[in-house]
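>>> pasting the structure only:
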């Protein structure tokens, strides 16, 4: 079935308590006060708990209260339930974090109505449950934002799952902008295969635009790119910009492009990976005038941005077995950080260990994990003592005078520093009594993760208000289920009052190709929300 929605009148409630600009600005100031008070929670990485002795940062009585707290009560803290008998300051922290969580519906399917009259069929087949859920909902949303006379511009379209549904099922013109030639080729092949299989003569082909958009790409540049892409001239005056999980700086870039030209009429973008913006001083953060005044860039770091991407919804849903596995994996990783600092001091090694899954870590003994990961550490480019060029894998291309690359020399140093089995057991014995503290540390960080994400999103919403004071609609709404997709808030905007549906359908027919069928009749259902 095809999931559809009407964002004009029946959409899910705003994730913020108000859509009024002045009230949003006041809400942003309160979020800044909260995050500023607990800098010690979100300015340190999780794995630095032992190396930075983060336990010393806790307010008085917090750790003693939390160590006496059962696992179930710890998990419920992210829901705003303070541990029984805890001190006032801890209870206040838990309640404040919950009060500033965005209004998400945790157990529904995002309130979007199901229309069984139109079938997506093969267009979402073979996708993961998560991806299927996302592309079907996003496609229905974009369809309702775009009149038949307009076109959809999917920026960062990947392998084309979303554009294909919008163009083939909803019969809307789509330009799929994607930087990766490999992804464009995969999307083109998939469309050709499905077109042949479906044997639909009225399919509107997707227009693929292999183009890398930089953070400095402006709206007029994108418009010129679209003109050369093959989109009909008649569709270029009413454009909907969209992006599904637009990573890092891409979401702010889309917002900036959207506000520049009048032909960009509608917007629906779901961002992700705030930590992949151009830190330490990202050009696109903060975006709004109010958040610049609040100097949130002095409060939030790349570590804060990474924590903002956590899923507190999944945290409180963990059972005891999952909780124990998380503790086991967290302990190994945190002690590894201690060993790296102790034995490889002077080398800033990359902390992204080459492990495919947590299940791999869970099956390893502590000693196996430490030795296995130490041998797979990557050395940062800044540690190289010469100016040799480096390839994409972090390896030095040129060799030094002794015939060995700097990378090889540094790896030798790592190999020579590997701890003995006895030394590894000493580390395990020393830190194992504090292994549960890591889950306490993680739980507190999960509590503040939602207010952190709210601060990133409210900055973007306020930017749209700053740039388009007369816009018909500017919203931050939950588009996907929290259970399927942790990053599920869509920024939705419409510059103009939408025309009645009958007018849209008539005007759309005038601009469509001869032989194109009308858009499927989508049943209008009232949302439970």
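That came in fine, so what should we check first? Because the structure is a prediction, the values reported are computed rather than measured. Numbering: from 1, shown residues only.

>>> for this structure, which spans come out with low pLDDT?
Scanning the chain for pLDDT under 70 picks out 1-13, 104-122, 199-201, 344-359, 377-415, 417, 498-529.

>>> Where do the strands of it begin and end?
2-3, 114-115, 151-155, 173-178, 207-210, 239-247, 264-272, 349-350, 378-379, 473-478, 489-494 (DSSP state E).

>>> Beta-bridge partners for residue 209, please?
residue 177 (DSSP bridges).

>>> That one reaches residue 225, doesn't it?
Yes: in terms of C-beta atoms under 8 Å, residue 209 counts as a neighbour of residue 225; the distance is 6.3 Å. All C-beta spots, glycine's among them, are computed from the backbone N, C-alpha and C.

>>> which helix is the longest one in this protein?
The helix spanning the most residues in the chain, taking DSSP state H as the definition, is helix 435-467.

>>> Pull the number of nearby residues for residue 128.
Per other C-beta atoms under 10 Å, the neighbour tally for residue 128 reads 9.

>>> Of the strands of the chain, which is nearest residue 51?
Residue 51 sits nearest to strand 349-350 of all the strands of the chain, at 13.2 Å, using C-beta to C-beta.

>>> Which neighbours do residue 209 and residue 225 have in common?
Residues touching both residue 209 and residue 225 (C-beta atoms under 8 Å, 6 or more residues apart in numbering): residue 177.

>>> More neighbours: the two, which one.
A count of neighbours by other C-beta under 10 Å puts residue 209 above the other of residue 209 and residue 225, at 23 against 17.

>>> would a markdown table of the strands of the chain with distance to residue 93 be doable?
Output for those, formatted as a markdown table (distance: least, C-beta to C-beta, whole Å):
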| stretch | distance to residue 93 |
| --- | --- |
| strand 2-3 | 38 |
| strand 114-115 | 40 |
| strand 151-155 | 39 |
| strand 173-178 | 43 |
| strand 207-210 | 48 |
| strand 239-247 | 31 |
| strand 264-272 | 27 |
| strand 349-350 | 33 |
| strand 378-379 | 37 |
| strand 473-478 | 25 |
| strand 489-494 | 24 |
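
>>> just so I know, which of those strands lies nearest residue 17?
Using C-beta to C-beta, the strands of the chain put strand 473-478 closest to residue 17, at 11.3 Å.

>>> Could you tell me the angle between that closest one and strand 264-272?
Counting by axes from the mean of the first three to the mean of the last three C-alpha atoms, to 10 degrees, strand 473-478 lies at 30 degrees to strand 264-272.

>>> isn't residue 142 right up against residue 166?
Yes: here residue 142 reaches residue 166: they are 5.7 Å apart, a contact under C-beta under 8 Å.

>>> Flag every buried residue along stretch 282-290.
282, 284-288, 290 (16 or more other C-beta atoms under 10 Å).

>>> Go through these and say which is closest to residue 423.
Relative to residue 423, the closest of the buried residues of stretch 282-290 is residue 282; by C-beta to C-beta it sits at 40.7 Å.

>>> Which residue is the nearest non-sequential neighbour of the closest one?
Excluding the flanking residues, the one nearest residue 282 by C-beta to C-beta, 6 or more residues apart in numbering is residue 249, at 7.0 Å.

>>> tally of neighbours for that neighbour?
Burial of residue 249 is recorded as 22 neighbouring residues (other C-beta under 10 Å).

>>> From residue 256, how far off is it?
Counting by C-beta to C-beta, to the nearest Å, the gap from residue 249 to residue 256 is 10 Å.
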